[in-house]
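Visitor: What follows is a predicted protein model with its sequence.
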Amino acid sequence: ERFINILAQGIKNPQQAVQPKEILAITFTRKAAAEMKERIRKRLYELEKEDAVNKEFWHNHRQRFDQARISTIHGFCNGILKENPVETGLDPSFNVAEENDMQEFLESNITAFIKKAIAENDSGLEELIRNYGIDGVKKQLLSIYGIADEVLKLENPAEPYKKSADCASELQSELTALVDELIAGMGTVVDKTTKHYPKLQNLKENRHLVIEAIQKYETEESRAVLNQYIGVLTMQAKDKAVVAEAREALKKLYQAAIDARAAELVTVWHNVLRNCRKFVLAKQEELNLIGFDDLESLALKLLLDSQEIRHKYQQNFKYIMVDEFQDTNERQREIIYLLCGDDKDSLNGNKLFVVGDPKQSIYRFRGADVNVFARVRRCARRWKEPQVRTLIQALKTKELRNKILFTLGIIIIYRIGSFIPTPGVDYTVVQQCVGKMNNASENFIGLVNLFSGGAMLQLSIFALGVMPYITASIVIQLLRVVIPRFEAL
């Protein structure tokens, strides 16, 4: 219906008529795209029969409907890559692998990469195999390969893990203090008759073991001790707030141990992923094969790198509609934003219309992020604000736009003229005279200088400002009541 309504605008306002090829409609599946095309084509045929007055109008749109861009996001990316082979450096006859075929291709070639790296005694891969095993390394590479380009752009991937690991000593001190606070509350905060009290008694009697385990929190033995004496504490007694803090501190301490190890391995992972990406891309190039993730990455790069191509598609599409937007990922959002404006991180213009339901997001395993939908919805709402919409509509009206530009031009001319001194007058003498009267409210000249924006003090060619015009306007309005002829004027 929205597609038809956009076309129907051309009946009332032929100057702003939109052609089917100027509407980009993105759906999530090829089946949905085919169904949308069929419904629109059927509706155009019905309107051609029903609307006798505008029969030719609907007939022309039906004839041109095949030019409409209605496809999946991957179909659209495929199209712009094949339309611009020189800029992308791709062979236009490249093959797009279906999702299942691409998954088999990746599994096969990542396995081949691992075998090749082992044969070449790759020290980085060998270290990862010691920690995760061959199957673990293969599984991790497969899971992260879809976002490999984004990961490889990180300049210092170990930094977040190092920051977390550096908090370990602080967490150790915090947890030790909380253990002592729990022990100190025995008999005062926690009653001896509660089920919680024996656990605290056990903690008190084995405090030295707990403190030692806190200091050696990285080992499995220490974790077993901490779970035995702190992990078993329940948050049902009067000291539940302290227990909650102790358990949270223990959780963060465990995470610090994981992050400390991750900080050592993340750089190794980074290098292995880079080598794996090169290996797989070389195999794809041999087969002239592209996957769905590659379509998105290459299309995004094309739009980012080439302003000419970006502006071409921005001008081609006056309206962009995206269905099932809750299953869109960050990369797809950036592509759509670049079709609306030059900033991939900010939504510009009011040509985008999206449909989605966060509760129906079912493709997280493909990288879909429901937060992307929430972000776009917030941006779209800003464009729907009455003030923004009113300003946009005002600027679209030629007569009103000319008046606004004329007013701004007059203001600029006036401000320039207020700094141009009157010829033949020594304005320094005038400044000295006016300067002696410091309080503007106590003298007429100071008051005029105030209303003229300081032009009087410089005795500029616009020294009187707009006051004479305002006064004349007031006088004329008063005379209209007294002299009817002024009303006719």
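Guide: Everything's here; your move.

Visitor: Ser306: neighbouring residues, count only.
Guide: Here the number of neighbours of Ser306 (other CB atoms under 10 Å) works out to 14. C-beta: built from backbone N, CA, C; applies to glycine.

Visitor: For it, give its distance to Gly349.
Guide: 19 Å (CB to CB, to the nearest Å).

Visitor: go on, Leu265?
Guide: Going from Leu265 to Gly349 by CB to CB gives 45 Å.

Visitor: Give me the more crowded residue out of the two.
Guide: A count of neighbours by other CB under 10 Å puts Leu265 above the other of Leu265 and Gly349, at 17 against 14.

Visitor: Test my guess that that one contacts Tyr132.
Guide: No. Leu265 is beyond contact range of Tyr132, at 9.0 Å (criterion: CB atoms under 8 Å).

Visitor: Am I right that Val53 is in a helix?
Guide: No. With DSSP: H, G, I helix; E, B strand; the rest coil as the criterion, Val53 is coil rather than part of a helix.

Visitor: Got phi/psi on the most centrally placed residue in the chain?
Guide: For the chain, the residue nearest the mean C-alpha position is Asp345 (4.7 Å; CA atoms, centre = their mean). Note on Asp345: backbone dihedrals following degrees, to the nearest 10 are phi -100, psi 0.

Visitor: Quick check, pLDDT for it.
Guide: Looking at Asp345, its pLDDT stands at 78.

Visitor: Would you quantify the distance from it to Glu330?
Guide: Taking CB to CB, one finds Asp345 at 10 Å from Glu330.

Visitor: what does Asn84 give?
Guide: Taking CB to CB, one finds Asn84 at 23 Å from Glu330.

Visitor: ok, those two, which is more surrounded?
Guide: For Asn84 versus Glu330, neighbours defined as other CB under 10 Å are more numerous around Asn84 (20 against 16).

Visitor: Backbone torsions only: list them for the more buried one.
Guide: Residue torsions, per degrees, to the nearest 10, at Asn84 are phi -130, psi 60.

Visitor: The one 5 residues further on now?
Guide: Reported as degrees, to the nearest 10, the phi and psi values for Gly89 are phi 70, psi 20.

Visitor: That one - how many residues pack around it?
Guide: Neighbour count for Gly89, taken as other CB under 10 Å: 8.

Visitor: do the same with Lys301
Guide: Neighbourhood size, Lys301 [other CB under 10 Å]: 13.

Visitor: Quick check: it is in a helix.
Guide: Yes. Counting by three-state DSSP, Lys301 is found in a helix.

Visitor: Distance of it relative to Asp149?
Guide: For Lys301, the distance to Asp149 - CB to CB - is 9 Å.

Visitor: these two touch, right, Tyr145 and Arg274?
Guide: No. Counting by CB under 8 Å, Tyr145 sits too far from Arg274 to count as a contact (11.7 Å).

Visitor: So between the two, which is more surrounded?
Guide: Neighbour count, other CB under 10 Å: between Tyr145 and Arg274, Tyr145 has more, with 19 against 13.

Visitor: Contact partners for the more buried one?
Guide: Leu106, Ile110, Leu273, Cys276, Arg277, Val280 (CB atoms under 8 Å, 6 or more residues apart in numbering).

Visitor: just Glu159 next, same as before
Guide: By CB under 8 Å, 6+ apart, the contact list for Glu159 is empty.

Visitor: now Ile134
Guide: Here Ile134 is in contact with Ile114 (CB under 8 Å, 6+ apart).

Visitor: give me that answer again for 10 Å
Guide: Shown in contact with Ile134 (CB atoms under 10 Å, 6 or more residues apart in numbering): Thr111, Ile114, Lys115, Ile118, Leu125, Leu128.

Visitor: cool, Asp342 as well?
Guide: Leu303, Leu304, Gln307, Arg310, His311, Gln314, Asn348.

Visitor: Mind jotting down where the helices sit in the stretch 151-300 of the chain?
Guide: 159-166, 168-184, 196-205, 207-215, 220-226, 240-287, 292-305 (DSSP state H, counting those that start in this stretch).

Visitor: Tabulate the ones you listed in TSV, adding columns for distance to Lys12 and mean pLDDT.
Guide: TSV is the format used below for those (distance: least, CB to CB, whole Å; pLDDT from 0 to 100):
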stretch	distance to Lys12	mean pLDDT
helix 159-166	56	84
helix 168-184	67	88
helix 196-205	75	84
helix 207-215	75	90
helix 220-226	72	88
helix 240-287	51	89
helix 292-305	34	90
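
Visitor: among those, which is nearest Ile26?
Guide: helix 292-305 (12.3 Å; CB to CB).

Visitor: in whatever helix or strand comes next after that closest one, what counts as buried?
Guide: Using DSSP states H and E, the helix or strand that follows helix 292-305 in sequence is helix 307-316. For helix 307-316, the neighbour count (16 or more other CB atoms under 10 Å) marks Ile309, Arg310, Tyr313, Gln314 as buried.

Visitor: tell me the mean pLDDT for helix 307-316?
Guide: Averaged across helix 307-316, the pLDDT comes to 92.

Visitor: tell me which residues of whatever helix or strand comes next after it are tucked away?
Guide: As assigned by DSSP H and E, the chain's next helix or strand after helix 307-316 is strand 319-322. For strand 319-322, a neighbour-count test (16+ other CB under 10 Å) marks Tyr319, Ile320, Met321, Val322 as buried.

Visitor: A strand includes Ile70, no?
Guide: Yes. Counting by three-state DSSP, Ile70 is part of a strand.

Visitor: dump the residue contacts of it.
Guide: Taking CB under 10 Å, 6+ apart, we find Ile70 in contact with 3, 20, 23-27, 32-37, 40, 76, 321.

Visitor: so how far is Ala262 from Ala158?
Guide: 8 Å.

Visitor: Give the residues shared as contacts by the two.
Guide: Common neighbours of Ala158 and Ala262 (CB under 10 Å, 6+ apart) are Ala165, Trp269.
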